[in-house]
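Student: Pasting a predicted model and its sequence here:
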Amino acid sequence: MLRELTESLKLQARHRRMTAKASQIGALCLALWVSACGPEEKSVPVDLRIGYNATATLESVEVRIYEYIHPQSRPSDFRVTSEPPISFIFPAAYYVNTQSIAGGPVARMDLAFDRKSWKPYAIAFPGRHRGEPPLSDSEDRERRLRFLHVSVHSNISPSGWVPGKSLETIQRFHQPVDEIGSFNGFKFYSYESPSDQAGQALAPIEFGGIDFNGNNTIVGIPEVADFENRFLHCFKLGRCKYFFLYDGRHVEVTINKSDLPIVTDLEAQLRKILDSHIDDSGR
């Protein structure tokens, strides 16, 4: 009887040691698995609507732009990559949409500048009060020409630009697409879109032998290495959109056709402004 009891106690002790060992191994495996898999996937919902707004306040507002794992799944899938977002801190007066002014994560950050002074447009041209006389045609035109709109996109906010495949994409949806010349580092192509139907001829705006007011919709594809990852899209009736990459994000700039010869100078100035307002503390 004593012998059987002794053997039973030995078996129980051995079982306890094996259970403890298994628990240690399990904990180690779990730690290794968590380390290998990284942190739990994070979801950061953003408002995809664009509600334009403006304020003259100079209070600093931080805006964060994430990169999403499955951008085509919007708006139901807001999981983001494990990398930190790109963050900017601007005075609120620079922002021109409701989401940016409110701060926090946004699908895209919208900014507005006075083209001449680089001050916030909301300060250079404050909103008009009720009862004030309307602007003259020349004043209204001056304001419109000096308005410079800039959008910094996350990948969940499509800019309509596919780097390296711009011409291929346009040819897929428009025919014919005609090559019409080169200017300022770009090779230009023209195609007709419904918005190109003008009731009367527009005054020519010519650069490099290309009439940007008379060649329907025009797109510019970089033809030199220094212009890689840039794109121009000019509308016969209206202005042009210029695209470039900043820290992997698409930057979209609405410019006047008269600015086409100095578009790289505008980009350089915008890069300086973005650099001076980026928040590197969390990167």
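Tutor: Received it, and whenever you're ready, just let me know what you need. Numbers count the residues shown, from 1 in each chain.
Student: For the rest of this, base every contact and every neighbour count on C-alpha atoms.
Tutor: OK.
Student: For this protein, which segments count as helices?
Tutor: 2-37, 98-102, 121-124, 137-146, 166-173, 263-277 (DSSP state H).
Student: and the fifth one, how far out from the chain's middle?
Tutor: Averaging C-alpha coordinates over helix 166-173 and over its chain gives two centres that are 21 Å apart (CA atoms, centre = their mean, to the nearest Å).
Student: Any buried residues in it, and which?
Tutor: For helix 166-173, the neighbour count (16 or more other CA atoms under 10 Å) marks 166-167, 170 as buried.
Student: Can you name the residues bridging to the nearest residue to residue 112 once chain neighbours are set aside?
Tutor: Distances taken as CA to CA, 6 or more residues apart in numbering place residue 149 nearest to residue 112, at 4.7 Å, with adjacent residues excluded. Using DSSP bridges, the beta-bridge partners of residue 149 come out as residue 112, residue 254.
Student: just checking, residue 149 touches residue 111?
Tutor: Yes - counting by CA atoms under 8 Å, residue 149 does reach residue 111; the two are 5.9 Å apart.
Student: Which one of the two is surrounded by more residues?
Tutor: Taking other CA atoms under 10 Å, residue 149 and residue 111 do not tie; residue 111 has more neighbours (23 against 19).
Student: Tell me who's in contact with the more buried one.
Tutor: By CA atoms under 8 Å, 6 or more residues apart in numbering, the contact set of residue 111 is 94-96, 149-151.
Student: And the pLDDT for it?
Tutor: On pLDDT, residue 111 comes in at 97.
Student: which residue sits closest to it, ignoring its sequence neighbours?
Tutor: Per CA to CA, 6+ apart, closest to residue 111 is residue 95, 4.5 Å.
Student: Could you do residue 170 as well?
Tutor: Distances taken as CA to CA, 6+ apart put residue 177 closest to residue 170, at 7.9 Å, once the chain neighbours are dropped.
Student: Go ahead and flag the most central residue of this structure.
Tutor: residue 153 (1.2 Å; CA atoms, centre = their mean).
Student: The nearest residue in space to it that is not next to it in sequence: neighbouring residues, count only.
Tutor: Leaving aside its chain neighbours, residue 153 sits nearest to residue 108 (4.4 Å; criterion: CA to CA, 6+ apart). Look at residue 108: counted by other CA under 10 Å, it has 29 neighbours.
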